[in-house]
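J.: here is a sequence together with a model predicted from it:
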Amino acid sequence: MSEDSPKPEKKEPIPPTPLRCLVGSGISATLAWGLYLLTSAIAVSFASKPVLSDKAIVQRIASAVRTLVLGLASMGTFIFAFVAIGLILLMVQLILQKQPDRNDGES
């Protein structure tokens, strides 16, 4: 333990660029669309297959499980959709911030 172990060099984070924001937004939107299709398929499946039991506890547990599954799928859908929207807005902000810099150099 007395040996000097090499310390990992700290890398500076890569600054965001409009192209990287666009690519990330496309990936996130694709995942959101896929999760949306999955969520709608789950909802249709649950709606077409009612719980076939007269016991109240079985109906409550089935309702809780269905709500949990549908809620998790919906949450994933909206998270990826919001990330896609946020990355598009960041891309617009980066583009608008770089325009005045170009005009200053031309004067």
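T.: Here it is on my side, so go on.
J.: and Asp54, what element?
T.: Using DSSP states H and E, Asp54 maps to neither a helix nor a strand.
J.: chain center to the helix or strand where Val23 lies, what's the gap?
T.: Using DSSP H and E, Val23 falls within helix 18-48. Its chain's C-alpha centre and that of helix 18-48 lie 9 Å apart, by C-alpha atoms, centre = their mean, to the nearest Å.
J.: gap between Ser48 and Thr77?
T.: 20 Å (C-beta to C-beta, to the nearest Å). C-beta: built from backbone N, CA, C; applies to glycine.
J.: so if I had to pick from the two, which one is more boxed in?
T.: Thr77 (20 against 7; other C-beta atoms under 10 Å).
J.: the closest residue in space to the more buried one that isn't next to it in sequence - how many residues pack around it?
T.: Spatial nearest neighbour of Thr77, chain neighbours left out: Leu35 (4.1 Å); criterion: C-beta to C-beta, 6 or more residues apart in numbering. Around Leu35 there are 20 other residues, counting by other C-beta under 10 Å.
J.: what of the one 4 residues further on?
T.: Each residue near Thr39 was counted by other C-beta under 10 Å, and the total is 20.
J.: got the contact list for the spatially closest residue to it that is not a sequence neighbour?
T.: Among residues not flanking Thr39 along the chain, Ala73 sits closest, at 4.1 Å (C-beta to C-beta, 6+ apart). Counting by C-beta atoms under 8 Å, 6 or more residues apart in numbering, Ala73 makes contact with 35, 38-39, 42.
J.: which single one of those is nearest to Leu94?
T.: Leu35 (26.9 Å; C-beta to C-beta).
J.: which pLDDT value goes with the closest one?
T.: For Leu35, the pLDDT comes out at 96.
J.: can you read off the pLDDT for Lys98?
T.: Value for Lys98, per-residue pLDDT: 80.
J.: ignore what I typed, I meant Leu38.
T.: At Leu38, pLDDT is 96.
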